[in-house]
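Student: predicted structure and sequence below. I'll ask about it afterward.
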Amino acid sequence: MSQKQELHAMVEARQEEMAADLMEMSRIPAVNPRMNGKGEYARMQWIQAYLEKYGIPYDVISVPDEAAPEGVRLNLTVKLPGTEDTERTLWLIGHVDTVNSGDLENWNTDPFSPERIGGRIYGLGVEDNSQAVITALHTCRLVVENKIQAKCNLGFIFASDEETGSAYGLHALLDHGVFSPKDEAIVPDAGSADGSFVEIAEKSQVWLKFTVTGKQAHASMPQLGVNATSAAMHLGVEIEDMLKREFAEEDPLFNPPYSTFELTQKFANVDSPNVLPGKDIFVMDLRILPCYTVDQVMDRIHAVIEKYEKEREGIQIQVEFITRVDAPDPTPSDSDIVTRLVASIRESGVDAYYGGIGGGTCGAILRAHHIPAAVWSTLDELAHQPNEYVVVENLVKDTKVYISTILKYC
Ligand SMILES: [Zn+2]
């Protein structure tokens with residue numbers, strides 16, 4: 001048996017232990033303090049005790065946060081030194097906080113008391129992101145127990161605060177100098193049911209709210225008012241058409257391969273069919289390929305707005321960001337982490353491919369610091385939903401892929 005086969009057999013033999021660990025840890029509430037929870041502090045203590053039990057050295061990075069009952073948020077890092085390139089670390093990153101359970105009525109089981117039903121474990125946060133935490137812990141244990149040394153360092157991060165923006169988690173770790181520019185990372189915080197999709201890029205995500213102001217009047221006497229809704233509808237359509245025409249570049253990494261510009265939410269204006277509206281508010285959802293900047297797109301939008309304000313007397317237009325996430329440069333598809341992770345998944349019999357999504361993963365935080373990050377996991381995409389579950393077999397599948405990938409760094 002090759003070393004890889006031996007290690008894979010060990011992973012398989014651990015399936016029940018991984019499931020039991022996941023249930024035990026997920027029983028400790030870890031709802032983010034900014035989502036009406038008490039935070040992940042207690043769950044971090046469990047992970048600390050776990051690492052100590054197996055003699056794995058770790059560092060604690062605590063970040064002050066008044067919103068947490070303890071006054072701090074904890075982050076744990078494990079760094080196992082490499083044999084040659086110790087300036088560089090391959091990280092496996094999981095986050096420990098969860099979202100709120102939402103209305104308990106929508107759950108068939110108690111979200112805070114994980115339950116195993118067949119091949120699945122149901123509970124809050126079991127997929128997002130206990131799956132990553134437990135597979136990272138077991139990968140770490142197997143590496144230590146089998147004295148596997150890669151050429152670069154191997155690192156494991158158990159981070160806080162992913163669900164409300166990572167200010168006390170990944171961002172704080174970046175500020176603390178945990179990462180070096182040569183590092184790479186696997187972030188198992190999204191994925192697909194067959195484990196084939198490796199996310200390496202995202203579009204910028206922007207939600208724009210347009211407020212068009214005119215002057216209310218009776219609809220039979222339009223000359224006495226300024227119709228804000230008429231102006232808003234023309235404006236919305238003109239902006240949509242202009243953006244689709246001018247920002248039409250395609251990138252096959254993405255599905256769909258082009259930027260999207262969609263008029264979405266519309267706010268109530270007047271209560272009566274015969275009132276000329278004095279105000280009209282609408283929203284646009286923009287997902288912009290990383291080949292364009294958000295500023296480029298905004299410059300063109302502002303130009304159209306100026307034209308409307310000039311041409312339509314009495315019309316004023318305000319535009320504001322409800323959300324703005326600027327896409328970082330994609331993780332290079334020829335980086336070691338992408339080629340080795342994709343190769344490892346393929347060896348497991350899954351036809352893996354890499355690509356981009358419409359925006360919003362924590363891989364972007366690392367990419368913005370020029371650290372190649374691949375977001376990957378095998379999961380049914382149950383994050384933030386009632387009756388969230390994790391497929392027990394996927395714990396084994398993911399851990400095997402991490403082991404195969406690590407061996408490619410040896
Ligand atoms: Zn998550």
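Tutor: That came in fine, so what should we check first? Numbering: from 1, shown residues only.
Student: doesn't residue 135 fall inside a strand?
Tutor: No - counting by DSSP: H, G, I helix; E, B strand; the rest coil, residue 135 falls outside a strand, being helix.
Student: I figured it hits residue 395, correct?
Tutor: Yes - Residue 135 is in contact with residue 395 according to Cβ atoms under 8 Å; the separation is 5.7 Å. To be clear about C-beta, it is placed using only N, CA and C from the backbone, and glycine gets the same treatment.
Student: tell me the residues of the stretch 1-150 of the chain that contact the ion?
Tutor: Residues of the stretch 1-150 of the chain lying close to the ion (Cβ under 5 Å from the ion) are 128, 129.
Student: give me the neighbour count for the closest residue to the ion within the stretch 151-300 of the chain.
Tutor: Closest contact between the stretch 151-300 of the chain and the ion, by Cβ to the ion, is at residue 189 (4.3 Å). Neighbourhood size, residue 189 [other Cβ atoms under 10 Å]: 24.
Student: tell me the contacts of it?
Tutor: Taking Cβ atoms under 8 Å, 6 or more residues apart in numbering, we find residue 189 in contact with 93, 94, 95, 128, 129, 132, 162, 361, 362, 363, 375, 377.
Student: phi, psi of it?
Tutor: With angles defined as degrees, to the nearest 10, residue 189 sits at phi -120, psi 10.
Student: how about the one 10 residues further on?
Tutor: For residue 199, the backbone dihedrals are phi -90, psi 120 (criterion: degrees, to the nearest 10).
Student: and for the residue nearest to it when sequence neighbours are not counted, the neighbour number?
Tutor: Excluding its sequence neighbours, the residue lying closest to residue 199 (Cβ to Cβ, 6 or more residues apart in numbering) is residue 375, at 4.0 Å. Residue 375 has 26 neighbours, counted by other Cβ under 10 Å.
Student: mind checking pLDDT for residue 375?
Tutor: Note on residue 375: pLDDT of 96.
Student: so it sits right up against residue 185, yeah?
Tutor: No - applying Cβ under 8 Å as the test, residue 375 and residue 185 come out as separate, 9.2 Å apart.
Student: intersection of neighbour lists for the two?
Tutor: Listed contacts common to residue 375 and residue 185 are residue 363; contacts here mean Cβ under 8 Å, 6+ apart.
Student: coming back round to it: tell me what the residue nearest to residue 199 is bridged to.
Tutor: residue 187, residue 199 (DSSP bridges).
Student: contacting residues for it?
Tutor: Here residue 375 is in contact with 187, 188, 189, 190, 191, 198, 199, 200, 361, 362, 363 (Cβ under 8 Å, 6+ apart).
Student: hmm, try it at 6 Å
Tutor: By Cβ atoms under 6 Å, 6 or more residues apart in numbering, residue 375 lies in contact with 187, 190, 199, 361, 363.
Student: model confidence score at the residue nearest to residue 42 when sequence neighbours are not counted, please.
Tutor: Excluding the flanking residues, the one nearest residue 42 by Cβ to Cβ, 6+ apart is residue 28, at 5.1 Å. Looking at residue 28, its pLDDT reads 98.
Student: for residue 134, same thing?
Tutor: Looking at residue 134, its pLDDT reads 98.
Student: just residue 362 next, same as before
Tutor: pLDDT at residue 362 comes out at 75.
Student: from the ion, how far off is it?
Tutor: Residue 362 sits 7 Å away from the ion, going by Cβ to the ion, to the nearest Å.
Student: and if you look at residue 142?
Tutor: Applying Cβ to the ion, the value for residue 142 to the ion is 24 Å.
Student: give me the three-state assignment for that residue.
Tutor: Per three-state DSSP, residue 142 ends up helix.
Student: what about it, how many neighbours?
Tutor: Applying other Cβ under 10 Å, we find 19 other residues in the vicinity of residue 142.
Student: ok, it to residue 9 distance?
Tutor: Distance of residue 142 to residue 9, computed by Cβ to Cβ, to the nearest Å: 11 Å.
Student: mind giving me the domain split of this protein?
Tutor: As assigned by automatic domain parsing, the chain contains the domains 3-202+328-407, 204-325.
Student: what's the local residue count around residue 107?
Tutor: Residues near residue 107, counting by other Cβ under 10 Å: 18.
Student: which residues touch the helix or strand containing residue 116?
Tutor: For residue 116, the host element (DSSP states H and E) is strand 115-117. Strand 115-117 has contacts (Cβ under 6 Å, 6+ apart) with 109, 122.
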